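*Asks:* fold the following for me, if possible:
(3 chains)
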Amino acid sequence: MSAAHSQNLNVLLQEIEGIHLTHHNPRRLRADIAAEALPALLALLRGRASYVHLSAISCVDWIEENQFELVYHLWSYETSVLISAHIRIPREPGIYLSVFDIYTPAAFFERDIHEMFGVYFEGSPDMSKFILTEWNGPPPMRKDFNSEKWVMETFSWQEYHPDWLKDLEEQGGGIVSTPESIRMDNK
Amino acid sequence: MRPENYQAVNHPPSNEYELNFGPNHPGIEGNYALKVKLQGDTVVEARADAGYLHRGFEKLMEDRLWIQNISLVPRICVPDPVPMEVCYSLAVEELAGLELPERAQWLRVLQLELSRIAAHLFYFGGHAATTGMYTPMYWGVADRDLLLDLFEELTGGRVYSIYNMPGGVRQDIPRGFLQRLSDTLDYIEGRLKDYDNLFFTNQIFVKRAKGIGIISQEQALEWSVTGPNLRACGLEFDVRRDDPYLIYDQLKFDIPTEHGGDAWARTLVRRLEMVESISIIRQVIKALPDIKGPVRTPIPNPLAWRVPAGDSYARVESSKGELAYYVVSNGGDKPYRVHIRGPSAMHAVQVLEKLAVGCRVEDVAQTMFSLDACPPEVDR
Amino acid sequence: MSNTDLSNIEVNQKPVAKRSNPFANVFNELVSFCRSRSMFMLHYCTGCGAIELPPAMTSRFDMERLGIQPMVTPRQADILLITGYVSIKTLKRVILTYEQMGAPKYVIGICSCTVNGGMYWQSYATAKKLDEYIPVDLYIAGCMPRPEAVIEGLQQLMAKIKTDEANSWKKYYEHYDYYLGNQQHLFGNNWQTPTDIIGEAKTYQLEGPNTLGEHTKILESVQRPLEPLEMKL
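*Replies:* Numbers count the residues shown, from 1 in each chain, chains lettered A, B, ... in the order given. A predicted model of the protein is given here:
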């Protein structure tokens, strides 16, 4: 990244109120901003700073703070810098604005986050189910959904009792810790 | 005299019908479905239907140790598993501040490029089969097997190598491996001429593939198309060069581009990329004997390894496009959150839905294969 | 989930009539032999094990020399290869596919995931024991099994067909209630397929004491006549 680009970018980013920038390394820039300021930041980055590529939108469930963190990863083909814009939204009711009008690929990521986390994006073109069409439970990626517990309640397991094990058991040996005990141990 | 509440019933035009394309369909790649609306032979609307391969990787990874996840990640993209391991390892290394030994970096590049050639050979096979040419499929899959043999020798696994781990690679190369690798590369390079005659410049294929699924450069940028599909639209971008990881900045390689943006251009880009990958591996073969040192930075105790809190976003150029891992740690012995950005998530859903419109129904499969979409990556 | 354990139940074979004529069974043996030598494998990749099928089918390992070929439609296929984990969404399609296949049909579970969930045992999205939902003739262990192992497994299946031991498809008719119960447990009580399994069981004269039961009663109560599938675009 050339110095001129970096300077221009910094000037531009100062237009957003309350932005906090951290440089991890020369090609990674972290921006923490308030949730309300994000659409303005994205519009600015796309419109005036050549950040045309939305690499991904990630969602993190911070259950202890009762917040969802949304991370928008943006890449510029010209300056070769990846900006990660971090925002936090309250976990309840979990509604945020869609950025589909700024970045078209956001539609896929928002749909994905909606079915995995239950965050609703207002203005997104399609919020119907995509991957989990046959799933009736809660959004599975939320931290309060325990996948292992659900599996234990729903499925049964193949029994494994071969002859060599029977021989061992006759001599007083056998399996000390069964798969069932190990499975439930780490909870 | 009509009743007051009369409403005319709108019947759909009788020449339109709907077709379930997949999941159990030989023209579709993997276990994936498209619902298409047809008018005669022309597709007027298409909707992707994924989730047949959903395993909930991101949830599973939160329940397992940092080191256990290494065996989980290659399963996300079956034809091209190595970039998955490398990308996850890179993200964890960045979080943990682990320094990667130089020899490990070269070995990773070796694997990545081998995997790219294998994935492209597999891709030609599939693409050729959708146009009714089965010989390239038989050849491509058989030649890919030679590379899988090399993988088996290097790592012990044919498909899933589980060779990379945070901190480096598991072991050094076996004795005589570089010679055998070099022989295989010579063989494959020689075969490429036969492939040209049989497939790439064969009029049967060229006439089928030209003008199918055209993406313009503006559309490609708007839809987040990455990788070879983007380079087929004329944009010279490669994560290996523009956001370099490992030792790619020390290697010399070209970035092949095409300008058609259609299925044929996408195929040609991959054909040229194989040549580049072969040249990269030759550079590695040349340099590797002079690079001494360990292949792994030891991790304290893998079973109780706590990675410092933070987040990292690692990107790798896989054979399908830009692959990225967003890894968050809260200082525990398991990842707090892993988000996988698979390149096919864009290609197989949004791009394919748009490209399929206007295609004839027999070209839908070809469009999907030419994008090299990998369904398990979409579903995760 | 119904508690009957099917692993110990034997399919009640029809007693072979002992006759003095040594040629009495020749025709049956000939049929079994022919069946074992021409197998069409359904071209349905349910999971990651499918990546080892192209090498097994093409030039290097060449399955076709054993008389095994991929087939594109379930109605003309003999073998259903379950290549790896089945997610719940796929499992529905697998059952629909399996019921559409004409008897005799054989199911091979490839990879560890079909046995016990494999490395996805914690996952909310995949079904664990394939044997609970459709009867399996043969498992091929490994994650994932090599093409040689796949071919070896198919050869074992051929041997089983030749000696008339691969009878799992009869088990499906005779214990339909058990399989249907497990399917209902996973998919909900209004689960139904377009295929009339009970009617087929009667036609094949394979209706046993366990074909009908509490779960088929539920099926009867929710069953509605077939309608054209509604598709949304």
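*Asks:* all the helices of the chain, residue numbers only.
*Replies:* I went with chain A, as the question did not name one. A:3-13, A:38-48, A:106-117, A:147-154, A:163-170, A:179-185 (DSSP state H).
*Asks:* not quite, I wanted chain C
*Replies:* Using DSSP H, helices in chain C cover C:26-37, C:53-57, C:88-100, C:113-116, C:147-162, C:168-174, C:176-187, C:197-203, C:214-222.
*Asks:* turn these into CSV, including mean neighbour count and distance to chain A.
*Replies:* C-beta here means a position set from N, CA and C on the backbone, and glycine is covered the same way. Putting those into CSV (neighbours: other Cβ atoms under 10 Å in any protein chain shown; distance: least, Cβ to the nearest Cβ, whole Å) gives the following:
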stretch, mean neighbour count, distance to chain A
helix C:26-37, 13, 28
helix C:53-57, 23, 24
helix C:88-100, 21, 5
helix C:113-116, 24, 5
helix C:147-162, 18, 18
helix C:168-174, 22, 16
helix C:176-187, 22, 7
helix C:197-203, 15, 21
helix C:214-222, 15, 16
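*Asks:* and these as CSV, adding mean pLDDT?
*Replies:* What follows is these, written out as CSV (pLDDT from 0 to 100):
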stretch, mean pLDDT
helix C:26-37, 82
helix C:53-57, 85
helix C:88-100, 88
helix C:113-116, 84
helix C:147-162, 88
helix C:168-174, 86
helix C:176-187, 86
helix C:197-203, 83
helix C:214-222, 81
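*Asks:* mean neighbour count, the helices of chain A: which tops it?
*Replies:* Of those, the one with the most neighbours on average (mean count of other Cβ atoms under 10 Å in any protein chain shown) is helix A:106-117, at a mean of 23.
*Asks:* ok so, going back, so for chain C, which of the helices of chain A sits nearest?
*Replies:* Shortest distance between chain C and the helices of chain A, using Cβ to the nearest Cβ, is found for helix A:147-154: 4.6 Å.
*Asks:* report the angle between the closest one and helix C:88-100.
*Replies:* 30 degrees (axes from the mean of the first three to the mean of the last three Cα atoms, to 10 degrees).
*Asks:* run a quick neighbour tally on A:Q158.
*Replies:* For A:Q158, the neighbour count with other Cβ atoms under 10 Å in any protein chain shown is 15.
*Asks:* residues in contact with the closest residue to it other than its chain neighbours?
*Replies:* Excluding the flanking residues, the one nearest A:Q158 by Cβ to Cβ, 6 or more residues apart in numbering or on different chains is C:N116, at 4.6 Å. Going by Cβ atoms under 8 Å, 6 or more residues apart in numbering or on different chains, C:N116 touches A:157-158, C:128-129.
*Asks:* ok, then the element right after whichever strand or helix holds B:N229?
*Replies:* Assessed by DSSP states H and E, B:N229 sits inside helix B:228-231. Per DSSP H and E, helix B:228-231 leads on to helix B:239-242 as the next helix or strand towards the C-terminus.
*Asks:* against which helices or strands is that next one packed?
*Replies:* strand B:310-317 (3 or more Cβ pairs under 8 Å, 6 or more residues apart in numbering or on different chains; DSSP states H and E).
*Asks:* quick one: residues contacting residue 41.
*Replies:* The chain I'm using is chain A. A:13, A:16, A:19, A:31, A:33, A:85.
*Asks:* chain C was what I was after
*Replies:* C:68-71, C:77-79, C:81.
*Asks:* avg pLDDT for the helix holding B:N229?
*Replies:* For helix B:228-231, mean pLDDT is 90.
*Asks:* also stretch B:148-162?
*Replies:* 87.
*Asks:* that one near chain C at all?
*Replies:* Yes: applying Cβ under 8 Å from any Cβ of the partner chain, one finds stretch B:148-162 in contact with chain C at B:148, B:158-160.
*Asks:* quick one: terminal-to-terminal distance for that stretch?
*Replies:* 14 Å (Cα to Cα, to the nearest Å).
*Asks:* run the chain-centre distance for it.
*Replies:* 18 Å (Cα atoms, centre = their mean, to the nearest Å).
*Asks:* for it, buried residues please.
*Replies:* In terms of neighbour count (16 or more other Cβ atoms under 10 Å in any protein chain shown), stretch B:148-162 has its buried residues at B:148, B:150-151, B:154-155, B:157-162.
*Asks:* can you lay out the residues you listed as JSON lines showing secondary structure?
*Replies:* Below are those laid out as JSON lines (DSSP: H, G, I helix; E, B strand; the rest coil):
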{"residue": "B:L148", "secondary structure": "helix"}
{"residue": "B:L150", "secondary structure": "helix"}
{"residue": "B:F151", "secondary structure": "helix"}
{"residue": "B:L154", "secondary structure": "helix"}
{"residue": "B:T155", "secondary structure": "helix"}
{"residue": "B:G157", "secondary structure": "coil"}
{"residue": "B:R158", "secondary structure": "coil"}
{"residue": "B:V159", "secondary structure": "coil"}
{"residue": "B:Y160", "secondary structure": "coil"}
{"residue": "B:S161", "secondary structure": "coil"}
{"residue": "B:I162", "secondary structure": "coil"}
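*Asks:* roughly how far apart are C:M39 and C:F27?
*Replies:* 20 Å (Cβ to Cβ, to the nearest Å).
*Asks:* can you check C:Q183 too?
*Replies:* Between C:Q183 and C:F27 the distance is 37 Å, computed by Cβ to Cβ.
*Asks:* tell me if stretch B:338-357 is near chain A.
*Replies:* Yes: using Cβ under 8 Å from any Cβ, stretch B:338-357 reaches chain A at B:339, B:341, B:345-346, B:349-350.
*Asks:* hang on, the earlier thing: who wins for neighbours among the contacts of A:L41?
*Replies:* Neighbour counts for the contacts of A:L41, by other Cβ under 10 Å, peak at A:A85, which reaches 23 neighbours.
*Asks:* contacts only, for that one.
*Replies:* By Cβ under 8 Å, 6+ apart, the neighbours of A:A85 are A:31, A:33, A:38, A:41-42, A:71-72, A:74.
*Asks:* before we move on, back to that, show me which of the contacts of C:M41 are buried.
*Replies:* Buried members of the contacts of C:M41, scored by 16+ other Cβ under 10 Å, are C:68, C:70-71, C:77-79, C:81.
*Asks:* need the residues you listed in JSON lines (columns: pLDDT and distance to chain B).
*Replies:* Conversion of the buried ones among the contacts of C:M41 to JSON lines gives the following (pLDDT from 0 to 100; distance: Cβ to the nearest Cβ, whole Å):
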{"residue": "C:I68", "pLDDT": "85", "distance to chain B": "16"}
{"residue": "C:P70", "pLDDT": "84", "distance to chain B": "8"}
{"residue": "C:M71", "pLDDT": "83", "distance to chain B": "9"}
{"residue": "C:A77", "pLDDT": "87", "distance to chain B": "10"}
{"residue": "C:D78", "pLDDT": "87", "distance to chain B": "16"}
{"residue": "C:I79", "pLDDT": "88", "distance to chain B": "14"}
{"residue": "C:L81", "pLDDT": "87", "distance to chain B": "12"}
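*Asks:* switch those residues over to JSON lines; also include distance to chain A.
*Replies:* Shown next, in JSON lines, are the buried ones among the contacts of C:M41 (distance: Cβ to the nearest Cβ, whole Å):
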{"residue": "C:I68", "distance to chain A": "27"}
{"residue": "C:P70", "distance to chain A": "27"}
{"residue": "C:M71", "distance to chain A": "27"}
{"residue": "C:A77", "distance to chain A": "24"}
{"residue": "C:D78", "distance to chain A": "26"}
{"residue": "C:I79", "distance to chain A": "22"}
{"residue": "C:L81", "distance to chain A": "19"}
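*Asks:* next step: these restricted to strands.
*Replies:* C:68, C:70-71, C:79, C:81 (DSSP state E).
*Asks:* quick check, nearest of these to B:S216?
*Replies:* C:P70 (37.2 Å; Cβ to Cβ).
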